[in-house]
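Asks: Sequence and predicted model, in that order:
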Amino acid sequence: MRIGIVGGGIGGLSAAICLSRIGIETEVFEQASEIRERGAGVSLWPNATRVLAHMGLLPACLAKSQPLSSLELVNCQGKRLLHTRIDQETTPVICMRRPDLLATLHAQVADTSIYLNHKCTGITAAGTAVTVAFEGHGARTFDAVIGADGARSLVRSHVTGITQEPAYRGYSIWRGVAECDLGDDSSTRIQETWGRGRRFGILPIGKKTLCWYATDTRSTTADEPADHRKLELLGLFKGWPGPIPEIIRATPAHDILQNGAADLGLRGPWFNQGVAILGDAAHPLTPNVGQGCCLALEDSLVLSLALQQTGEVARAFRLFGRARRKRAAAIVRATRWIGSVGQVRSKGAVFVRDQLLPAVFPLVYALAVRPIHHYDATKPVS
C-alpha cells in the first residue's frame, strides 16, 4: 500500500512515521522549499508523550525539553488563584521548541520520501486510486491520501465538499522564546497570569530557557509589524508582576510571532473515498489547553492503528473518523470556552471570575481537562 501525505509539518511527518512502522510506504509533499517550523514553543501533555513513547521518540524529545510538574494560575496583581499537579500520568508533560519537535520527527523520515516545493492544487479519486495534482510538478497516484495541510487545508475542501475558514475568536496571540532564569522554584511550573482581556503564560523548556504566550482581546485579527510587536507587548503588560516584563524584554523582537485565535467546528466527514484529513486540517482549535500538536500526534497513531487492524482503506478511514471526531469536537469546544472565560474584559466579570476560579476550577479540571490528558491513543481503535 502507498499513501501520499499532503503537508510536511508535525501532523504529516508523524503520520509518515506511524504508517512506516506498520509497513506502509509513504510520500510526503510539502509546498515550502524546506521542512521548517516557525513557532515558539509547544506543550506536549501526557496524551501526546504517550504517542511519542510508542513511536520511540520520547527520549529524544526529553533531551530537548524538561518535564513539568505543576500548573499555577495567578491574577495580574500576582495573587494565586489556583495550583494543581500535572505530573501524575504515566508519561510526562513537557515543553520544547516547536522547531525541535519538527526536527526530531523529520530525522525519522527519509529525505528521499519527502518532496519539497510541491503545492497541492487538486485531488481526484476514482475507484481505489487517488490522484494528487501539484503546481508545476504534474500528478501522482496513490492507494490513499492523507491531508495534513493545516488549518486552511485544501484537502479538507475536497473531503467535505465545502470551503470552511477557521473563525476568529476575538483575541490576538503572541508567542516567543526567551533566555531567562526563573529560579529553581519556577523551573518545572507552568504559570498563567490572567487580567482584564489579557493573559500571559510561561512554560519552562530547560537550561534557563522558556517559551511564553500572551493574549489581548481585540475586534480584528490585524497584527502589528514585527518590529512593533515587542513595544506593543511592553505597553500591554506594563505593571504586570515579574517576570513578565523581563521576559518580553529578553525576547528578540524579530522572533515574536502574532496571530489571531481561531478555530473551526468542522461540518462534514473526515474522509471521502480514499482521502482523510488529520491535525489542524481536521480540527483547528485555539491553544487554550495546549492540544494542537497533541491531537495531531494522536490522529497519526490512531489512523495507522485503524489501517493495521482492518488492512483496508475505506474501512480504516471510517473507523478513524468515528474514533476521533467526537473527541476532537469536544476539545475544540473546551478550548473555545476557556478562552472566552480568560479573555473577559469587564471589571465586574473579572472580579466574579477570579472569585469563583479557586472553587470551580478543580472540578472543571477533573471532569474536562484531565480526561483530555488521560487519553491513550496506543490502544486498539474501536
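Replies: Looks like it arrived, so ask away.

Asks: Centre of the chain to stretch 56-68, how far?
Replies: 17 Å (Cα atoms, centre = their mean, to the nearest Å).

Asks: Could you work out the end-to-end span of that stretch for me?
Replies: For stretch 56-68, the separation between the terminal residues is 20 Å (Cα to Cα, to the nearest Å).

Asks: where do the helices sit along this protein?
Replies: 10-21, 46-55, 58-62, 98-106, 154-160, 226-236, 244-250, 292-310, 313-342, 347-364, 370-374 (DSSP state H).

Asks: would you turn the ones you listed into JSON lines with mean pLDDT and distance to I256?
Replies: Just so you know, the C-beta spots here come from the backbone N, C-alpha and C atoms, and that holds for glycine as well. Rendered in JSON lines, the data for the helices of the chain read as follows (pLDDT from 0 to 100; distance: least, Cβ to Cβ, whole Å):
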{"stretch": "helix 10-21", "mean pLDDT": "98", "distance to I256": "21"}
{"stretch": "helix 46-55", "mean pLDDT": "98", "distance to I256": "25"}
{"stretch": "helix 58-62", "mean pLDDT": "98", "distance to I256": "24"}
{"stretch": "helix 98-106", "mean pLDDT": "97", "distance to I256": "14"}
{"stretch": "helix 154-160", "mean pLDDT": "95", "distance to I256": "29"}
{"stretch": "helix 226-236", "mean pLDDT": "92", "distance to I256": "5"}
{"stretch": "helix 244-250", "mean pLDDT": "96", "distance to I256": "8"}
{"stretch": "helix 292-310", "mean pLDDT": "97", "distance to I256": "19"}
{"stretch": "helix 313-342", "mean pLDDT": "94", "distance to I256": "20"}
{"stretch": "helix 347-364", "mean pLDDT": "90", "distance to I256": "26"}
{"stretch": "helix 370-374", "mean pLDDT": "90", "distance to I256": "28"}
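
Asks: of all the ones you listed, which lies closest to E34?
Replies: helix 98-106 (9.9 Å; Cβ to Cβ).

Asks: so which of the helices of the chain gets nearest P204?
Replies: Going by Cβ to Cβ, the one of the helices of the chain nearest P204 is helix 244-250, 11.3 Å.

Asks: helices or strands up against the closest one?
Replies: Using 3 or more Cβ pairs under 8 Å, 6 or more residues apart in numbering; DSSP states H and E as the contact definition, the elements that helix 244-250 packs against are strand 167-179, strand 198-206, strand 209-217, helix 226-236.

Asks: Can you tell me which of those has the worst average pLDDT?
Replies: Mean pLDDT is lowest for helix 226-236 among those, at a mean of 92.

Asks: So which residues make contact with that helix?
Replies: 174, 198, 214, 216, 223-224, 245, 248-249, 251, 253-254, 256, 258 (Cβ atoms under 8 Å, 6 or more residues apart in numbering).

Asks: Could you work out the end-to-end span of stretch 287-298 for me?
Replies: Across stretch 287-298, the straight-line distance between its terminal residues is 16 Å, by Cα to Cα.

Asks: now stretch 195-212
Replies: Taking Cα to Cα, stretch 195-212 runs 16 Å from one end to the other.

Asks: Stretch 264-275 now?
Replies: Using Cα to Cα, the two ends of stretch 264-275 sit 20 Å apart.

Asks: list the buried ones in that stretch?
Replies: Of the residues in stretch 264-275, L264, L266, P269, W270, F271, N272, Q273, G274, V275 count as buried by neighbour count, 16 or more other Cβ atoms under 10 Å.

Asks: Indicate which one of the helices of the chain is closest to L82.
Replies: Among the helices of the chain, if distance is taken as Cβ to Cβ, the winner is helix 347-364, at 5.0 Å.

Asks: rewinding a little: among the contacts of helix 226-236, the buried ones, what's the ChimeraX command?
Replies: To isolate the buried ones among those in ChimeraX, judged by 16+ other Cβ under 10 Å, type:
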select :174,198,214,216,223,245,248,251,256,258
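
Asks: now for the helices and strands packed on helix 244-250, which one comes closest to T90?
Replies: Closest among those, once you apply Cβ to Cβ, is strand 198-206, at 21.0 Å.

Asks: That closest one pairs with which strands, parallel or anti?
Replies: The strands that strand 198-206 pairs with in its sheet are strand 189-194 (antiparallel), strand 209-217 (antiparallel) (by DSSP bridges).

Asks: how big is the angle separating the longest one from helix 98-106?
Replies: Going back to what we said before, that points to strand 209-217. Using axes from the mean of the first three to the mean of the last three Cα atoms, to 10 degrees, the inter-axis angle of strand 209-217 relative to helix 98-106 is 120 degrees.

Asks: Perfect, that will be all.
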